[in-house]
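Student: coords please:
(one chain, ligands or ions: 2)
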Amino acid sequence: MNEQLQLIKSSIKSIPNYPKEGIIFRDITSLTEVPEAFSTTVNLIAEQFKHAGITKIIGTESRGFIFGAPVAIALGLPFILVRKPGKLPRAVISQNYQLEYGEDTLEIHSDSIQAGDNVLIIDDLLATGGTLEACVKLVQRLGGQVKHAAFVISLPELGGEQRLRKLGVEPFTLVDFAGH
Ligand SMILES: O=P(O)(O)OC[C@H]1O[C@H](OP(=O)(O)OP(=O)(O)O)[C@H](O)[C@@H]1O
Ligand SMILES: Nc1ncnc2[nH]cnc12
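Tutor: Ligands and ions are numbered 1, 2, ... in the order given. So this is what the prediction gives:
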């Protein structure tokens, strides 16, 4: 692993048994408190996708906003918010999904994606891939396509990478952590 990825990985704190017994929470709030680690994270994702023909960036509530918004600024692309229910003010479509530790719904404004959009979805962490699958379905229902998704962290043992590939989405992840 190169020095930049080592800095990112070492800035992420691991909290055992949060929010439930048996989960090791990989905490990106400790990464955003290290300016060089935060800016390197954003720059590596932006660099990876600057020539990928992306038309829009989606960030998923809430931790996806932290990384999605600065990447959208770096690439000069529209930033679309996918939010938890009842938070978006205009007409929305909704999608249910399962989490590693629960169940939830995500929503997007119906007019945020158009046919032909090539969307990059950004989130802090890929676990089961349920959140990403819900986002992909929202984009597809509005006529857009998702070929790529970017994450700071992957938990490979939870199978999210395979789940995304089955949907035709190639995951780009910066650091992996073993276990849940
Ligand atoms: O791959 P998955 O199994 O779907 O899990 C990953 C998702 O879970 C976390 O979000 P959470 O729903 O906890 O919301 P938050 O960002 O608001 O804390 C994380 O930020 C990802 O979005
Ligand atoms: N283990 C984990 N750590 C932090 N965020 C998560 N979201 C889903 N699983 C998680």
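Student: so which residues of this structure form helices?
Tutor: Ranges of helices in the chain, per DSSP state H, are 3-11, 29-32, 35-49, 63-75, 130-141, 160-166.
Student: and these as JSON lines, adding mean neighbour count, mean pLDDT and distance to ligand 1?
Tutor: Backbone N, C-alpha and C define where each C-beta goes, glycine included. JSON lines is the format used below for the helices of the chain (neighbours: other Cβ atoms under 10 Å; pLDDT from 0 to 100; distance: least, Cβ to the nearest ligand atom, whole Å):
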{"stretch": "helix 3-11", "mean neighbour count": "16", "mean pLDDT": "98", "distance to ligand 1": "16"}
{"stretch": "helix 29-32", "mean neighbour count": "17", "mean pLDDT": "98", "distance to ligand 1": "10"}
{"stretch": "helix 35-49", "mean neighbour count": "17", "mean pLDDT": "98", "distance to ligand 1": "14"}
{"stretch": "helix 63-75", "mean neighbour count": "20", "mean pLDDT": "99", "distance to ligand 1": "4"}
{"stretch": "helix 130-141", "mean neighbour count": "22", "mean pLDDT": "97", "distance to ligand 1": "3"}
{"stretch": "helix 160-166", "mean neighbour count": "17", "mean pLDDT": "98", "distance to ligand 1": "5"}
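Student: out of those, nearest to residue 109?
Tutor: Ranking the helices of the chain by proximity to residue 109 (Cβ to Cβ) places helix 130-141 first, at 10.0 Å.
Student: coming back round to it: among the helices of the chain, which is nearest residue 120?
Tutor: helix 35-49 (5.6 Å).
Student: which residues pair with the spatially most central residue of the chain across the strands?
Tutor: By Cα atoms, centre = their mean, the chain has its centre lying nearest to residue 123, at 1.6 Å. Residue 123 has these beta-bridge partners by DSSP bridges: residue 151.
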